[in-house]
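**Q** Take this sequence and fold it.
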Amino acid sequence: MIDTPVFSTGAAAAPHRLASEAGRAVLAEGGNAIEAMVAMAATIAVVYPHMNAIGGDGFWLVHEPGGKVHAIEACGPAGAQATIERYREKGHDSIPSRGPDAAVTVAGAVGGWQAALELAKVLGGKMPLRDLLADAISHCDTGYPVSDSELRTWPQEAEATRLAPGFSSFFWPGGERPATGARRKPEELGGTFKQLADAGLDDFYRGDIGREIGADLDVIGAPVTRADLAGFRARAVQPLSLKLPGLTVHNFPPPTQGLASLLILGIFEKLGVTRAEGFDHHHGLVEATKRAFAMRDRLITDPAHMKADPASFLSEAVLAGEAAAIDRKRAANWPFAPREGDTVWMGAIDGNGLAVSYIQSIYWEYGSGCVLPKTGIHWQNRGVSFSLDKTALNPLAPGRKPFHTLNPPLARFDDGRVVSYGAMGGDGQPQFQAQILTRYRFGQNPATAVDAPRWLFGKTWGAGSLSLKLESRFDPMLLARLTAAGHPVEEYSEAYADSFGHAGMLVKHQKGHVEATHDPRSDGDARGV
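**A** From the prediction side, this is the model:
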């Protein structure tokens, strides 16, 4: 097994080392895990802009010492001008993926930070906002090296991305992609962070920053208005929970696919698999994924429009029925429409046992591609998950929340261990979560579980066949058995590929120490105190 870093009291893990360092520094100064996560979220919004931004959304799970789990929903609704009629009149059959018409929804991430810090204060947090934003401001002022991950990233619909307002001047100055060793100094974004540090996070929605955002969105022709920003607030919701032998797993309710993540684990549990890495393990998870995604795609929408309680689908009867429908030796046929997304997952746990699982995203890489000139904020394209068909499960309408691939998991073991874990990767998120958690439950340590080769069922970004894609490090005998069972196996040449997500895991033990790791596929690590 690979050795997992172990820290005496607390740790932070992120897909960029500057973000994990920001979290470590807050923990070292006596800040709690929520405060550390805000510092990480701000920093990574600067240094990993192809994956996330303050123009995107976020979801929080926070585990208090003693067991209470809080969920903060920070996803923005469609703007007042985001109507089906508007898009039809412009000749669209679907919502464009790039450009102003892709900037459909309010950005909720900063509102989530605000709500999380209110909770942090209730739990004893005392760090000033300016201190939490200091690293993000510093990286804007002095510049930062463009990450290896961004250098590897070629955006889907590249020409439309390049033509989005502000994209080329910010991301590809002179029309050229950054080269190895390139640095970026986002001065306008730095000014935005300084204003937020002085005026407070509410300024993003109802102050000077909100006014500038609203004006910029109006100029480029996006359907989100100043009034939409002023009306947004993140909210506390009830997390979903699944009891498994020896632990309880928590995830986020609709409009996220957290239900699907829990369904995979619950269905797989009913198969009675007892060891990792064999055919039963991987075949069982793939087939559980198919069953879970089928339920997801017919159920999950804006919670205000849900026709059933999502928790009811985690009952023993439902899970047993879904497991019974799985052929233990053959792959089921599957019509599958992929949901894509680039995202960051991060975790933090402090010395008191307060644990955070957080996910922040702009959906596709670089989101809508639009960079607002006065604030330096680039805006998400989360609204492409809406349909222009009024009869669809997720039809576009002003004020409606889009379907979210984002879902942050947490687990509490009966012996007192608390596990913050997660992954980025659109439809891959529930699949990667299931792979690393089941490996950990089968006895692998966190570093080994996160490092181990992963698979992804479905299609990759924008193209490719419907197949079971695997990194190159799997046992050839396993691949042969999966192929013989009818899985359309496609082995990648890479041993570690971005397509298989950036994952992480932190484990707080009752004795106080924390094991923590982040993905070798990312630019990050785990750091602690």
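**Q** In terms of secondary structure, what does the longest helix along the chain contact?
**A** Counting residues, the longest helix found in the chain (DSSP state H) is helix 279-299. For helix 279-299, the packing partners by 3 or more CB pairs under 8 Å, 6 or more residues apart in numbering; DSSP states H and E come out as helix 258-269, helix 316-324, helix 428-441, strand 455-460, helix 476-484. (Glycine included, C-beta is placed from N, CA and C.)
**Q** Swap in 10 Å and give it another go.
**A** Here helix 279-299 touches helix 258-269, helix 316-324, helix 428-441, strand 455-460, strand 463-470, helix 476-484, going by 3 or more CB pairs under 10 Å, 6 or more residues apart in numbering; DSSP states H and E.
**Q** Of all the ones you listed, which one is nearest residue 60?
**A** Proximity to residue 60 (CB to CB) singles out helix 258-269 among these, at 12.2 Å.
**Q** Show me what that closest one is packed against.
**A** Looks like helix 258-269 contacts strand 240-244, strand 247-251, helix 279-299, helix 316-324, helix 428-441 (3+ CB pairs under 10 Å, 6+ apart).
**Q** quick one, which of the ones you listed is packed in tightest?
**A** helix 428-441 (a mean of 26; mean count of other CB atoms under 10 Å).
**Q** low pLDDT regions in the protein?
**A** For the chain, applying pLDDT under 70 flags the ranges 336-341, 459-464.
**Q** domain parsing for it?
**A** Following automatic domain parsing, the chain resolves into domains at 6-236+341-385, 242-340+410-528.
**Q** any chance of the ones you listed in a markdown table, plus distance to residue 400?
**A** Formatted as a markdown table, the domains of the chain follow (distance: least, CB to CB, whole Å):
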| stretch | distance to residue 400 |
| --- | --- |
| domain 6-236+341-385 | 5 |
| domain 242-340+410-528 | 5 |
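**Q** out of these, nearest to residue 399?
**A** domain 6-236+341-385 (4.9 Å).
**Q** what about that closest one, start to end distance?
**A** Start and end residues of domain 6-236+341-385 are separated by 40 Å (CA to CA, to the nearest Å).
**Q** Apart from its chain neighbours, what residue comes closest to residue 279?
**A** residue 481 (4.6 Å; CB to CB, 6 or more residues apart in numbering).
**Q** Quickly find the element holding residue 210.
**A** Element membership of residue 210 [criterion: DSSP states H and E] is helix 208-220.
**Q** mind checking how far that helix is from the chain centre?
**A** With CA atoms, centre = their mean, to the nearest Å as the basis, helix 208-220 stands 26 Å off its chain's centre.
**Q** Following the chain onward from it, which element is next?
**A** Using DSSP H and E, the next helix or strand after helix 208-220 towards the C-terminus is helix 226-230.
**Q** Packing partners of that following helix?
**A** helix 203-206, helix 208-220.
**Q** Go through the longest one and flag the buried ones.
**A** By neighbour count, and taking 16 or more other CB atoms under 10 Å as the criterion, the buried residues in helix 208-220 are 209-210, 212-214, 216-217, 220.
**Q** Deepest-packed of the domains of the chain, please.
**A** Looking across the domains of the chain with neighbours counted as mean count of other CB under 10 Å, the highest average goes to domain 6-236+341-385: a mean of 22.
**Q** any idea how far the closest residue to residue 491 other than its chain neighbours lies from residue 497?
**A** Residue nearest to residue 491 in three dimensions, not counting chain neighbours: residue 470, with 5.3 Å by CB to CB, 6+ apart. Per CB to CB, to the nearest Å, residue 470 is found 10 Å from residue 497.
**Q** Check residue 227 too.
**A** Per CB to CB, residue 227 is found 43 Å from residue 497.
**Q** still on that earlier bit, surely the residue nearest to residue 279 is in contact with residue 330?
**A** No: here residue 481 does not reach residue 330: they are 11.5 Å apart, not a contact under CB atoms under 10 Å.
**Q** Spit out the residues that contact those two alike.
**A** By CB atoms under 10 Å, 6 or more residues apart in numbering, residue 481 and residue 330 have these common neighbours: 283, 487.
**Q** what helix or strand does residue 348 sit in?
**A** strand 342-349.
**Q** from the middle of its chain, how far away would that strand be?
**A** With CA atoms, centre = their mean, you get 7 Å for strand 342-349.
**Q** What of stretch 366-381?
**A** Remark: stretch 366-381 is offset 18 Å from the chain centroid, using CA atoms, centre = their mean.
**Q** Can I get it as CSV, trimmed to CA atoms?
**A** C-alpha atoms of stretch 366-381 as CSV (Å, rounded to 0.1, in the frame of the first residue of the first chain):
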residue,chain,number,x,y,z
TYR,A,366,-14.1,27.5,-18.3
GLY,A,367,-17.9,27.6,-17.8
SER,A,368,-19.6,29.9,-20.3
GLY,A,369,-16.2,31.3,-21.3
CYS,A,370,-17.5,34.8,-20.4
VAL,A,371,-15.1,36.9,-18.3
LEU,A,372,-16.7,40.1,-16.9
PRO,A,373,-14.4,43.0,-17.6
LYS,A,374,-15.0,45.2,-14.4
THR,A,375,-14.7,42.4,-11.9
GLY,A,376,-12.6,39.8,-13.6
ILE,A,377,-15.2,37.1,-12.8
HIS,A,378,-15.8,34.3,-15.3
TRP,A,379,-19.3,32.9,-15.3
GLN,A,380,-20.6,29.4,-15.2
ASN,A,381,-22.7,27.6,-17.8
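**Q** Phi, psi for residue 115 please.
**A** phi -70, psi -40 (degrees, to the nearest 10).
**Q** give the contact list for it.
**A** By CB under 10 Å, 6+ apart, the contact list for residue 115 reads 58, 60, 70, 72-74, 108, 201, 233-236.
**Q** same thing with residue 161?
**A** 97-99, 102, 154-155, 167-168, 171-172, 364-370, 381.
**Q** Can you tell me which of these end up in helices?
**A** Those of the contacts of residue 161 lying in helices (DSSP H): 167-168, 171.
**Q** Closest one of those residues to residue 528?
**A** Of all the ones in helices among the contacts of residue 161, residue 528 sits closest to residue 171, with 32.6 Å by CB to CB.
**Q** Okay, the closest residue to that closest one other than its chain neighbours and residue 98: tell me how far apart.
**A** Sequence neighbours aside, residue 366 is the residue nearest to residue 171 in space, at 6.8 Å (criterion: CB to CB, 6+ apart). Distance, residue 366 to residue 98, using CB to CB: 8 Å.
**Q** who touches both of the two?
**A** Common neighbours of residue 366 and residue 98, using CB under 10 Å, 6+ apart, are 155-156, 158, 161-162, 164, 167, 381.
**Q** rewinding a little: would you confirm that the residue nearest to residue 171 contacts residue 381?
**A** Yes: Residue 366 lies in contact with residue 381 (CB under 10 Å); the separation is 8.6 Å.
**Q** which residues are in contact with both of these two?
**A** 98, 161, 164.
**Q** can you put the residues you listed in CSV and add distance to residue 291?
**A** CSV is the format used below for those (distance: CB to CB, whole Å):
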residue, distance to residue 291
98, 34
161, 35
164, 38
